[in-house]
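Novice: no sequence on this one, just coordinates:
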């Protein structure tokens with residue numbers, strides 16, 4: 001029968017022979033375990049979707065026991081909240097990058113294009129990072145606390161774009177009320193229909209359809225102040 005001393009010797013001799021320890025370690029000696037688990041979680045969600053997020057599997061991936069992983073995340077819900085926050089941060093970064101690409105000195109045209117670009121950025125993220133996109137809005141805690149951090153708050157960016165439209169006289173104050181719900185519902189629904197396969201088509205067809213959606217929103221907002229609009233002002237494709 002093996003004694004405790006035998007086990008200790010076996011565990012200690014494996015590294016000396018050039019092999020990994022035969023017993024999973026409860027500590028993570030070559031980096032930050034929490035960060036490693038989150039990195040593995042993001043990679044898993046990106047490749048396999050939110051349903052593949054299992055804390056025990058992540059622990060196995062980074063080479064630690066599940067007990068070590070549970071010291072950092074009490075349960076799957078806590079892990080989902082953390083990964084959803086990372087997803088939301090990446091979504092916001094995508095939207096900000098789109099907004100920074102708008103280059104025009106015309107204040108009205110700039111405000112209109114910024115609203116259109118935030119819509120395109122949202123759809124781009126949904127299509128290119130589908131797993132993270134799904135997870136970002138599956139965590140009630142993450143969505144509820146997003147407004148407390150600009151880096152995690154896509155709604156805050158949308159609100160600023162809509163306020164800018166009012167500021168330049170393109171969108172009336174009356175039509176501004178609850179405009180976030182209109183815009184967000186439109187692009188979120190558009191995204192969901194495309195990533196779930198209900199709306200088929202290649203990238204060019206999707207982009208053209210998105211242009212038409214954004215033009216419709218732009219036209220309705222211009223109509224609220226009697227401002228004429230030209231679809232060519234905001235389209236990204238060339239079939240308009």
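Specialist: Looks like it came in fine. Keep in mind it's a predicted model, so treat the numbers as computed, not measured. Numbering: from 1, shown residues only.

Novice: how far does whichever strand or helix holds residue 215 sit from its chain's centre?
Specialist: Using DSSP states H and E, residue 215 falls within helix 203-223. With Cα atoms, centre = their mean, to the nearest Å as the basis, helix 203-223 stands 22 Å off its chain's centre.

Novice: now for that helix, which elements pack on it?
Specialist: If you count contacts as 3 or more Cβ pairs under 8 Å, 6 or more residues apart in numbering; DSSP states H and E, helix 203-223 packs onto helix 107-128, helix 179-195. Using the backbone N, CA and C atoms, a C-beta is placed for each residue, glycine as well.

Novice: do you know how far residue 179 is from residue 216?
Specialist: For residue 179, the distance to residue 216 (Cβ to Cβ, to the nearest Å) stands at 14 Å.

Novice: what of residue 74?
Specialist: Distance, residue 74 to residue 216, by Cβ to Cβ: 46 Å.

Novice: more crowded one of residue 179 and residue 216?
Specialist: Using other Cβ atoms under 10 Å as the criterion, residue 179 and residue 216 rank with residue 179 on top: 22 against 12.

Novice: excluding chain neighbours, what is closest to that one?
Specialist: residue 162 (5.0 Å; Cβ to Cβ, 6 or more residues apart in numbering).

Novice: so what touches the helix or strand hosting the one you found?
Specialist: Residue 162 is located in helix 154-167, with elements delineated by DSSP H and E. With contact meaning Cβ atoms under 8 Å, 6 or more residues apart in numbering, helix 154-167 is reached by 88, 91-92, 95-96, 99, 110-112, 114-115, 118, 122, 146-147, 150, 171-173, 176, 179-180, 183-184, 221.

Novice: cheers, nothing more for now.
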